[in-house]
Structures are given as structure tokens and as C-alpha cells.
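>>> Quick one, structure for this:
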Amino acid sequence: MERVVNFSAGPSVLPVPVLEKAAKEMVCYPGAGMGVMEMSHRSKVYEEIINGAEALLRELMNVPDNYKILFLQGGASLQFSMIPINLFKNKKADYTDTGEWAARAIKEAKKYGEINVVASSADKTYSYIPKFDKSKFDPEADYFHFTMNNTIFGTRYKELPDTGNIPLVTDMSSCILSEVYDVSNFGLIYAGAQKNIGPAGVTVVIIREDLLGNAPALCPAMMDYAIHAKNGSMYNTPPTYGIYLAKLVFEWLKEQGGVPAMQKINEEKAALLYDYLDNSKMFRGTVEKEDRSLMNIPFVTDSEELNNKFVKEAEKAGFVNLKGHRSVGGMRASIYNAMPREGILKLVDFMKDFEVNNK
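Take a look at the predicted model:
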């Protein structure tokens with residue numbers, strides 16, 4: 001069976017060269033006499049793997065020396081709790097509500113302190129990014145949290161809030177490594193791996209060193225950033241194979257020219273689909289144009305029956321995971337770094353044919 005064109009929002013498509021290299025090294029990693037899944041995380045070979053992954057990510061994102069890179073577990077969802085536990089001093093924080101995951105982050109943070117929701121786009125089904133109103137910011141907030149790219153609803157921030165000395169905290173799960181971000185603008189960046197980094201099971205946290213060491217005494221050791229930083233992400237057994245695959249993805253990304261080159265490719269890929277949607281008489285995008293994501297593109301027809309027919313016929317033609325999230329409906333194409341340009345071109349051609357045959 002040939003590989004399908006996989007538009008899954010996560011876990012998502014991985015670069016074929018990465019999969020092929022992993023397959024080649026599955027049974028016997030060079031110089032180890034065993035597979036990565038079998039080796040001790042304390043071995044010299046594995047230390048080279050995890051240190052290499054960290055060094056590559058630091059290079060790709062130009063991470064300053066005063067930031068720690070952590071490879072954790074629990075997904076981005078665990079970060080919804082770890083962040084307030086570790087960063088609260090005044091037990092106050094500002095949050096923006098721009099989608100499902102932002103709302104979940106707010107719900108969890110409210111368990112630990114006072115949360116000020118400074119902006120929300122829930123009034124229009126999260127189809128836009130609300131403007132920042134600095135007068136609503138809490139000057140006593142310990143941090144300002146927002147979701148950089150909204151996977152389900154297909155919106156993204158293009159500008160950062162001016163919060164002065166209050167640290168910016170952002171969920172980059174579905175956009176990390178897709179475009180250039182200045183890490184020094186943030187106090188903490190976190191991302192689940194299963195979209196642009198590797199398989200599910202690894203969570204990357206990039207945290208400024210001055211934000212470490214503030215967890216309360218009752219904080220579980222596994223939820224204390226300082227403990228993970230002190231132990232080089234190996235306080236316990238880390239998700240070793242997932243980190244290995246992340247390293248292979250980082251190597252692949254470097255070979256493509258790094259994040260600046262990938263951003264250009266992603267902008268070109270997204271334009272192919274958005275341009276078609278803007279000119280189609282059947283399909284239309286659901287997001288305000290100025291706030292469109294490069295990674296997740298939701299779209300609909302004017303008929304639920306036609307939406308369902310399209311998803312079914314697309315799957316038969318080898319285009320899978322196009323059904324929109326259950327909370328939104330319609331369709332969604334997630335076109336992360338590993339999605340080749342050819343995949344978008346084939347999808348657009350299929351959509352054109354479907355439009356002609358279903359007038």
C-alpha cells in the first residue's frame with residue numbers, strides 16, 4: 001500500500017527521510033549493538049542523542065544561553081498546571097482565550113490562582129485573534145499566557161503583547177519550528193511534539209533561567225522545572241525513542257535550511273490552499289484573513305451533506321484526516337513542516353474536480 005497524504009492535526013505526518021533512517025537504525029543503532037528503545041538512558045550513547053537533540057533545537061531556534069531546554073512528558077496539557085505551579089508568586093496571571101486549548105489552560109490555571117482573561121474570540125467561534133487592550137492587563141500578573149497557533153480553529157498570533165517585565169508564556173504546540181520566533185521575547189515556550197517535532201509522548205519546554213526555582217514545597221518533583229533542568233531532562237527515564245526521533249527531525253530541518261527556509265516554504269504552501277479557497281464558489285475558509293494560520297486550515301461548504309461527501313471521497317482518493325474537529329465540523333487541512341508542497345497541490349486539484357462534479 002502506498003503512503004496516503006496525511007492531513008492529521010496530530011499526531012501528524014513525519015518527514016519520510018526521518019522514518020527511513022529510523023527504520024534503518026531500529027534494530028541496531030550505530031555503535032550501540034542495540035536499538036534506541038533498548039538502551040539505558042544513562043548510557044554514553046544515549047547521552048549523546050539527547051544532548052545532540054538539545055543542541056540542534058538550540059541552534060534551530062537560536063535559543064539564548066540563559067534559557068534551559070527540557071524534554072518532558074505529559075503533553076502540553078500537563079503544562080497547563082505546571083506553569084502556574086512553577087511561576088506563581090502573586091498568584092495572578094493574564095490569559096487570552098482563542099480556542100479549545102487556551103480555554104483548557106485557563107480552566108486549569110484557575111485552580112491555583114486568580115486568572116484575568118484579557119481577551120477572547122469565543123463570541124465568533126474563535127474565528128479571529130482579538131486585539132490586545134493594554135488597559136486590561138494586570139500589572140501584578142506573574143505572567144501573560146497565550147496560545148500562539150490555534151490548531152482546531154486555524155488562527156495565529158502575528159504580534160506579541162507589550163507586557164513590559166511580565167514574562168510571556170506561550171503554547172507553540174502546532175507552530176514551533178514553522179516560522180522564526182525570537183525566543184528572547186518569551187519567558188517560557190512549550191510545545192507538544194506530535195505536530196512539528198516528532199511522535200506523541202515528548203513535550204519541549206524552553207524556559208528562562210530566572211523563572212526556575214519558584215515551585216512551592218508541595219509541588220511534586222516531576223512537576224518542578226528546576227529539578228528537570230538540574231538533571232538534564234533525566235530526573236526519571238525520559239521518552240527516549242521520541243527524543244531520538246525528534247533529533248532526527250531537527251537534523252532534517254537543518255538540512256532544509258533551518259527555520260527561515262521552512263517559514264518561506266510554509267508560507268508558499270499555505271498560500272496555495274488559501275488562494276484556492278478565496279476563489280472557489282463551493283469551498284470557503286472560516287477564519288478572518290488577517291489571522292489565518294500557516295499550519296491549520298479549516299474550510300467548509302454551505303452544506304453539511306456536501307462536507308461529509310467530500311471527506312468520504314477524499315479519503316477514498318488517499319487524502320486522510322481532513323474531517324474537522326468535532327467542535328467545529330467541516331474540514332481542516334493541517335500542513336505542518338513535513339507536509340510536502342506536492343501534497344497541497346494534489347489536494348487542490350482534487351478539490352477543483354470535486355467542485356466541478358458537484359455543482
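
>>> Now do stretch 204-223: everything it contacts.
57, 61, 63, 66-72, 78-79, 81-82, 85-89, 167, 176, 183, 186-191, 193, 197, 224-229, 235-236, 246 (C-beta atoms under 8 Å, 6 or more residues apart in numbering). Using the backbone N, CA and C atoms, a C-beta is placed for each residue, glycine as well.

>>> Just the buried residues of those residues.
Among the contacts of stretch 204-223, those classed as buried by neighbour count (16 or more other C-beta atoms under 10 Å) are 57, 61, 63, 67-72, 78-79, 81-82, 85-88, 167, 176, 186-191, 193, 197, 224-229, 235, 246.

>>> Now, these that are in helices?
57, 61, 78-79, 81-82, 85-87, 225-229, 246 (DSSP state H).

>>> D353: which of those is nearest?
A246 (37.5 Å; C-beta to C-beta).

>>> Once you drop chain neighbours, what's closest to the closest one?
What sits nearest to A246 in space, not counting adjacent residues and going by C-beta to C-beta, 6 or more residues apart in numbering, is G198, at 3.9 Å.

>>> What is the burial count for that neighbour?
By other C-beta atoms under 10 Å, 27 other residues sit near G198.

>>> Also Y157?
Neighbour tally, Y157, other C-beta under 10 Å: 19.

>>> Provide a list of residues in contact with it.
Each residue near Y157 by C-beta under 8 Å, 6+ apart is listed here: I129, F146, M148, N149.

>>> What ranges does the stretch 201-350 of the chain have for its strands?
203-208, 284-285, 296-300, 319-320, 331-334 (DSSP state E, counting those that start in this stretch).

>>> Could you check how far the last one is from the centre of its chain?
For strand 331-334, the distance between its averaged C-alpha position and the chain's averaged C-alpha position is 15 Å (C-alpha atoms, centre = their mean, to the nearest Å).

>>> Over to the longest one?
From the chain centre to the centre of strand 203-208 is a distance of 13 Å (C-alpha atoms, centre = their mean).

>>> excluding its backbone neighbours, what's nearest K21?
Nearest to K21 is L248, by C-beta to C-beta, 6+ apart, at 5.8 Å.

>>> which of the residues in the helix or strand that E54 is a member of are buried?
E54 belongs to helix 44-61 when elements are defined using DSSP states H and E. For helix 44-61, a neighbour-count test (16+ other C-beta under 10 Å) marks Y46, I49, I50, A53, E54, L56, L57, R58, L60, M61 as buried.

>>> So of the residues you listed, which two are at opposite extremes in space?
Among the buried residues of helix 44-61, Y46 and M61 lie farthest apart (C-beta to C-beta), at 22.8 Å.

>>> residues in contact with M339?
N6, F7, V13, K269.

>>> try L272
L272 touches R341, I344, L345, V348, counting by C-beta under 8 Å, 6+ apart.

>>> can you give me the helices for the chain?
16-25, 44-61, 75-87, 100-109, 225-230, 240-255, 258-279, 304-316, 341-357.

>>> Next, the angle from the longest one to helix 44-61.
Regarding helix 258-279 and helix 44-61, their directions subtend 60 degrees when assessed with axes from the mean of the first three to the mean of the last three C-alpha atoms, to 10 degrees.

>>> Determine how far helix 258-279 lies from the middle of the whole chain.
Distance, centroid of helix 258-279 to centroid of chain: 17 Å (C-alpha atoms, centre = their mean).

>>> likewise the first one?
Relative to the centre of its chain, helix 16-25 is centred 22 Å away, using C-alpha atoms, centre = their mean.

>>> tell me which residues in that helix are buried?
Residues V18, A22 are the ones in helix 16-25 that count as buried (16+ other C-beta under 10 Å).

>>> list the helices and strands that helix packs on?
Using 3 or more C-beta pairs under 8 Å, 6 or more residues apart in numbering; DSSP states H and E, the elements in contact with helix 16-25 are helix 240-255.

>>> and stretch 305-325, average pLDDT?
The average pLDDT for stretch 305-325 rounds to 97.

>>> can you give me the end-to-end distance of that stretch?
16 Å (C-alpha to C-alpha, to the nearest Å).

>>> How about K309, nearest residue that isn't a chain neighbour?
N358 (7.3 Å).
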